[in-house]
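Engineer: model this:
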Amino acid sequence: MTSIKPIPDLQSPGDGETPTPRRTWLRRLLGVVVLAVVLLVVVQFLPAATKTQEEAIAGSVDRLVIDVTGAVSLVAGDHTELVVTKEWVLAGEPTVTVSHDGGDVHVNGECPWFQVRCTTSVSGTVAVDAVIVVTTSAGSIEVRGTTGGVDLETSAGSVHVEDVTGAARLHTSAGSILGTVTDGNVEAETSLGRIELAVFGDFSSLVARTSAGSVDLTVTDEVYDIDADTSAGSVNVSVRTDPSATRRIVAESSAGSITISPGP
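Structural biologist: Numbers count the residues shown, from 1 in each chain. Just a heads-up that it's a prediction; the model follows:
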């Protein structure tokens, strides 16, 4: 009698096995990541809802403090009148609050934490002698003609001051710093961008630092104590210098040229 031998199972040892909890978890995680990326791409092409909110500020404004997520553009005027623009997609309208505390006015814009595309921007006129303080997470800042000094900071965008009088603090993490300041100390700093400023009148300290970009400063024709240094670029100083001078200029760049020249 001929015996029949069973055919060997040629299937690989791992085939047909029930997925382990670890494999199941990794597959689910990958699926969530892919879905999130797809949703993010789709949201970028959806039209945004837009809403404006007008704020006429009664009485004198000594200090205007703005904390929003988008661009800010202000020009000096006889009174303070602002337009707040809100833009969002899907997840809900951002909230903007305006509060008064004596001569201080605070404008705050907040987006829901789950928003992908959401901005709150401010434009308008402001009392000419008001102190301006602006913080924004993603947008350019522009201030023109004020005399009370400015403190401007953005995480992503340019900072532009024109005909501003008083002390000026100008900071951006990614963008250029440009403009004109008179009669005030200046601190300008950017991580990525050029600095181009004309600083005239009475000041004792001018500091300009960039990690990647050129520094171009025009100052009153006086004598200065100057510290100018760049890691990759040229240094050109055509103003009069003296280490004992009461006016000090610090100009630094990690990658870019530095120019300090006299102006009118």
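Engineer: next, count neighbours for the closest residue to residue 256 other than its chain neighbours.
Structural biologist: In this structure, residue 256 finds its nearest non-sequential neighbour in residue 214, 4.0 Å apart by CB to CB, 6 or more residues apart in numbering. (C-beta placed from N, C-alpha, C; glycine too.) Here the number of neighbours of residue 214 (other CB atoms under 10 Å) works out to 19.
Engineer: equivalent analysis for residue 251, please.
Structural biologist: 24.
Engineer: contacts only, for it.
Structural biologist: By CB atoms under 8 Å, 6 or more residues apart in numbering, the contact list for residue 251 reads 208, 209, 215, 217, 226, 227, 228, 229, 258, 260.
Engineer: so where's the stretch 101-250 of the chain uncertain?
Structural biologist: Applying pLDDT under 70 to the stretch 101-250 of the chain flags the ranges 114-116.
Engineer: can we see that at 50?
Structural biologist: Filtered on pLDDT under 50, the stretch 101-250 of the chain yields no residues whatsoever.
Engineer: for it, what spans make up the helices?
Structural biologist: For the stretch 101-250 of the chain, applying DSSP state H, counting those that start in this stretch gives no helices.
Engineer: ok, residue 49 to residue 117 distance?
Structural biologist: 10 Å (CB to CB, to the nearest Å).
Engineer: tell me which of the two has more neighbours.
Structural biologist: residue 117 (16 against 13).
Engineer: pull the number of nearby residues for the closest residue to the more buried one other than its chain neighbours.
Structural biologist: Spatial nearest neighbour of residue 117, excluding adjacent residues (CB to CB, 6+ apart): residue 89 at 4.3 Å. Residue crowding around residue 89 was assessed by other CB under 10 Å; the count is 16.
Engineer: same check on residue 147?
Structural biologist: Count around residue 147 with other CB under 10 Å applied: 17.
Engineer: which ones are touching it?
Structural biologist: 76, 128, 129, 164, 165, 166.
Engineer: phi, psi for the residue nearest to residue 256 please.
Structural biologist: phi -90, psi 160 (degrees, to the nearest 10).
Engineer: residues touching it, list them.
Structural biologist: So residue 214 contacts 194, 195, 196, 233, 253, 256, 257, 258, 259 (CB under 8 Å, 6+ apart).
Engineer: so what's the third one bridging to?
Structural biologist: On the basis of DSSP bridges, residue 196 takes part in beta bridges with residue 178, residue 216.
Engineer: do I have it right that it meets residue 210?
Structural biologist: No: the criterion here is CB atoms under 8 Å, and residue 196 misses it with residue 210 at 10.5 Å.
Engineer: now residue 220: how far from residue 152?
Structural biologist: Residue 220 is 23 Å from residue 152, by CB to CB.
Engineer: ok, back up a step: out of the contacts of residue 147, which are buried?
Structural biologist: 76, 128, 164, 165, 166 (16 or more other CB atoms under 10 Å).
Engineer: find the nearest non-adjacent residue to the second one, please.
Structural biologist: Take residue 128 and drop its neighbours on the chain: the residue closest to it by CB to CB, 6+ apart is residue 76, 4.0 Å away.
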